[in-house]
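Student: can't give you the sequence, but here's the structure:
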């Protein structure tokens, strides 16, 4: 293959000298004024150095670059501008040194590669020059630079001297000071770091409940009413319980029948029922089922046995069997309100809320005087997020029973969901009066205080709860969240540790400790907690979200992208997650994929400044300068012409496409806004 001729490389072409204008002088004056008040202002130094190069005052430009690099030793733009000035002064070795530094910091800096190739050509290092040109063209093809300016690859090579003579300020050369967030970290580029104002700490009263859309992870544990209100922690037995009793067991149970009733099937069935009831009172539900089944063998229409066997099945969480028995009970007595009511409870526990509501409504139709019927109907409605409808049912329950603790408690929970904190607090306090010193109620009032930012009051209620029950994990969790909010991270971790000690398999508490460790910058420990939480709740989007944030801080952007992708699988598509993933993709230089995420975010929220701005940065990175200009222009409009960042970056894009007057105007406006901001702050 024949080597290309190096006799007419771009640096040897005659380039028309840029004629200084009053606009550039004004820009220099603006920067100079800024530097009088802030001598190390990186933005002003960068812009003034660029302006001096455009005027041909290369030595003065080098002085500004030196000052900039004293302030920021890894400033890519500073090295690039100084390299351009050194080359124009004929200081080729110094220029090569500067361009090499640029490429060591940013291997994808195409302009620096072109410029160094030109310098190597002047030095007679033709092999090195060809290598740099080839590499630059490869990078250029990969990024599709300058397509918006309709410049093909060969014309890029021909015009590379113009590019280096008129430097192109890369947006990673300087970044404006952005709004600090809780977890601010140094940024090496202009991308807006996704805001972390949504911490997604989780508050839980006993378990994680699935919600259609998590706006927080504050999972409530509304109390439940049934004929027997106390839920027993009984696991389904390992052996399959059949409604048919085996022959040996039948014989064994039959042998227990008293002699004086052996010839009376009705009395036998009543006797077996009484044995079943005794077993139920002892919480031996398996034995109770055996006795009830024997009663039904002697009298298939024994209502109490079929009804109570359904109750026992429900206690063993065998809801289908329970529903089957309650259905048979209804067939025997279609006017029995409790048969519908208990079947409704089993449907509810199974998650069939529509059928549960239908059964509770039927029980109310048969007997409208029972407060519990209204309560449980409201409770099922609440689970369907029919919050306002649920409140109406709780109102009826309270009308019938002024001391119905659970109705007040769950109505308070509904008001809380609606954001009516005053009514919620009132109901929680009434519930606490009805059943005094209930740690669950006190803890929930503490959670309500926390949500209203009444943190001192919240701590008082959590402390009161723990005085009553020193092993009440939700109170430790709630208090830990408050300590985390006020920056008492050690105390917060101690409370989360205690909650985990009490309930070691609760992913909420483990997750919250991870968030606290993150606040303490103990990222490795936080990551371990999130991994543990995911092992217990592998489909929880909030855990993936916070894990992604930690990975971002650890600069493991690839794994963070995976976490945000998982979050999107297990939750609805939302701007926050799309912005987070887009940011990480951009950090991985996967700009097309990042643009796709930001575009989705903008479709969901057309005025999302974060997404529009970062899409502009990504468009700039792939050479889509006009698209980037459109994005930055929209940001400027949304920020009421007060977006210094957007003006600066739009100026960079105008600079790249040769619209120098527009570029200078934007640079000037950026400095003007920044000056005003500095005076205010």
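Tutor: That came through fine. Since the structure is predicted, the reported quantities are computational estimates derived from the model, not experimental observations. Residues are numbered from 1 along each chain as shown.
Student: Packing partners of the strand or helix carrying residue 349?
Tutor: Using DSSP states H and E, residue 349 falls within helix 337-350. Applying 3 or more Cβ pairs under 8 Å, 6 or more residues apart in numbering; DSSP states H and E, we find helix 337-350 packed against helix 303-315, helix 319-332, helix 353-366, helix 371-383. Heads up, the C-betas are built off the backbone N, CA and C, glycines and all.
Student: Low-confidence stretches in the stretch 101-250 of the chain?
Tutor: 140-245, 250 (pLDDT under 70).
Student: Settle this for me: residue 668 is touching residue 28, isn't it.
Tutor: No - counting by Cβ atoms under 8 Å, residue 28 is not a contact partner of residue 668; they are 10.2 Å apart.
Student: Pick out whichever of these two has more residues nearby.
Tutor: Each of residue 668 and residue 28 has its neighbours counted (other Cβ atoms under 10 Å); residue 28 has more, 23 against 19.
Student: sorry, back to before: so which of the helices and strands packed on helix 337-350 is the most packed in?
Tutor: helix 371-383 (a mean of 25; mean count of other Cβ atoms under 10 Å).
Student: where in this protein is pLDDT low?
Tutor: 1-23, 140-245, 250, 675, 677-681.
Student: distance of the residue nearest to the spatial centre of it from residue 609?
Tutor: In the chain, the centroid-proximal residue (Cα atoms, centre = their mean) is residue 545; its distance is 3.9 Å. Distance of residue 545 to residue 609, given as Cβ to Cβ, to the nearest Å: 21 Å.
Student: hang on, the earlier thing: could you export the helices and strands packed on helix 337-350 as JSON lines, including distance to residue 428?
Tutor: Below are the helices and strands packed on helix 337-350 laid out as JSON lines (distance: least, Cβ to Cβ, whole Å):
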{"stretch": "helix 303-315", "distance to residue 428": "29"}
{"stretch": "helix 319-332", "distance to residue 428": "31"}
{"stretch": "helix 353-366", "distance to residue 428": "24"}
{"stretch": "helix 371-383", "distance to residue 428": "15"}
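Student: Out of those, flag the one nearest residue 449.
Tutor: Among the helices and strands packed on helix 337-350, helix 371-383 comes nearest to residue 449, with 21.9 Å by Cβ to Cβ.
Student: quick one on the thing from earlier: what inclination does the helix holding residue 349 have with respect to helix 319-332?
Tutor: Here helix 337-350 runs at an angle of 160 degrees relative to helix 319-332 (axes from the mean of the first three to the mean of the last three Cα atoms, to 10 degrees).
Student: quick one, helices of the stretch 1-150 of the chain?
Tutor: 22-37, 42-55, 58-71, 76-88, 92-105, 110-123, 126-143 (DSSP state H, counting those that start in this stretch).
Student: will you turn those helices into a markdown table that also has distance to residue 268?
Tutor: Below are the helices of the stretch 1-150 of the chain laid out as a markdown table (distance: least, Cβ to Cβ, whole Å):
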| stretch | distance to residue 268 |
| --- | --- |
| helix 22-37 | 100 |
| helix 42-55 | 94 |
| helix 58-71 | 96 |
| helix 76-88 | 92 |
| helix 92-105 | 91 |
| helix 110-123 | 94 |
| helix 126-143 | 87 |
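Student: Out of the helices and strands packed on helix 337-350, which is closest to residue 471?
Tutor: Using Cβ to Cβ, the nearest of these to residue 471 is helix 303-315, at 24.9 Å.
Student: by contact count, what packs against the closest one?
Tutor: Partner elements for helix 303-315 (3+ Cβ pairs under 8 Å, 6+ apart): helix 265-281, helix 285-298, helix 319-332, helix 337-350.
Student: got the contact list for the last one?
Tutor: It stands for helix 337-350. 224, 226-227, 307, 310-311, 314, 317, 319-320, 322-323, 326-327, 329-330, 333, 353, 355-360, 362-364, 366-367, 370, 372-373, 376-377, 379-380, 383 (Cβ atoms under 8 Å, 6 or more residues apart in numbering).
Student: now the helices and strands packed on helix 303-315 in a markdown table, with distance to residue 552?
Tutor: Output for the helices and strands packed on helix 303-315, formatted as a markdown table (distance: least, Cβ to Cβ, whole Å):
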| stretch | distance to residue 552 |
| --- | --- |
| helix 265-281 | 55 |
| helix 285-298 | 50 |
| helix 319-332 | 43 |
| helix 337-350 | 40 |
